[in-house]
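Participant: Show me how the following folds:
(chains A and B)
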Amino acid sequence: SAVISQKPSRDICQRGTSLTIQCQVDSQVTMMFWYRQQPGQSLTLIATANQGSEATYESGFVIDKFPISRPNLTFSTLTVSNMSPEDSSIYLCSVERDRPYEQYFGPGTRLTVT
Amino acid sequence: GQQLNQSPQSMFIQEGEDVSMNCTSSSIFNTWLWYKQDPGEGPVLLIALYKAGELTSNGRLTAQFGITRKDSFLNISASIPSDVGIYFCAGPERFGNEKLTFGTGTRLTIIP
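Facilitator: Have a look, this model is predicted:
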């Protein structure tokens, strides 16, 4: 498995502002993923972040709204820009480790936009 | 994209009962993963299945990779209070693609 931490664990933000979420892994990993989980819903992939290349975004998610950095093999950030109440969700990072497709998740960042 | 439907959507059981849930897809999957999410936490990987027909256990949990490769099943025996949570199935969208599609989830509640 992997030990993954996220900061902040939760935040309440005003609309129009931006929040940067950090994800730290205890060992080097090639692939990191960012997910959004809206209240009472399943997980939706936002983007895949590989070190040394631009993040790959899923349909419905754009870099201007969710810029991602991946400066090294143990760290990534996701920024939620120009927030609106519809951005209120849990944001989760994950890494693929051990066997193919097995992803391990951080504890999540619970974001509330007022 | 692919959709994974989980059934039932929610379950209310008494402690000690066995639990069965399933996950179905409209297309073939080559890998099935089962996760559990506790309130306020990220999902935790329970079991991974890689071959059709495979039956794998993790303590009181047993998961099976359906023979048609379009479904998977998770059973929990002798449920205890800490089994409460949401169970998600997941699988890669396409073979060789690391992106996972997650199911709709089954919420398990234990009635005291």
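Participant: Okay, now the unreliable bits of chain B?
Facilitator: Along chain B, the model assigns pLDDT under 70 to residues B:1-2, B:95-96.
Participant: how about the residues of it that lie near chain A?
Facilitator: Contact residues (Cβ under 8 Å from any Cβ of the partner chain) of chain B with chain A: B:31, B:33, B:35, B:40-45, B:48, B:50, B:88, B:90-92, B:98-100, B:102-105. All C-beta atoms are positioned from the backbone trio N, CA, C, and that covers glycine.
Participant: Out of those residues, name the ones that lie in strands.
Facilitator: Taking DSSP state E, the ones among these that sit in strands are B:33, B:35, B:44-45, B:48, B:88, B:90-92, B:100, B:102.
Participant: Report the contact partners of residue A:54.
Facilitator: Applying Cβ atoms under 8 Å, 6 or more residues apart in numbering or on different chains to residue A:54 gives the contacts residue A:63.
Participant: Check the one 10 residues further on too.
Facilitator: For residue A:64, the residues meeting the contact criterion (Cβ under 8 Å, 6+ apart) are residue A:81.
Participant: hmm, back to that, what's the farthest-apart pair in the ones in strands among the residues of chain B next to chain A?
Facilitator: Using Cβ to Cβ, these reach their maximum pairwise distance at B:44 and B:92, which is 18.7 Å.
Participant: Who has more neighbours out of those two?
Facilitator: More crowded of residue B:44 and residue B:92, by other Cβ atoms under 10 Å in any protein chain shown: residue B:92, with 19 against 14.
Participant: In chain A, what residue lies closest to chain B?
Facilitator: Nearest residue of chain A to chain B: residue A:105, at 3.4 Å (Cβ to the nearest Cβ).
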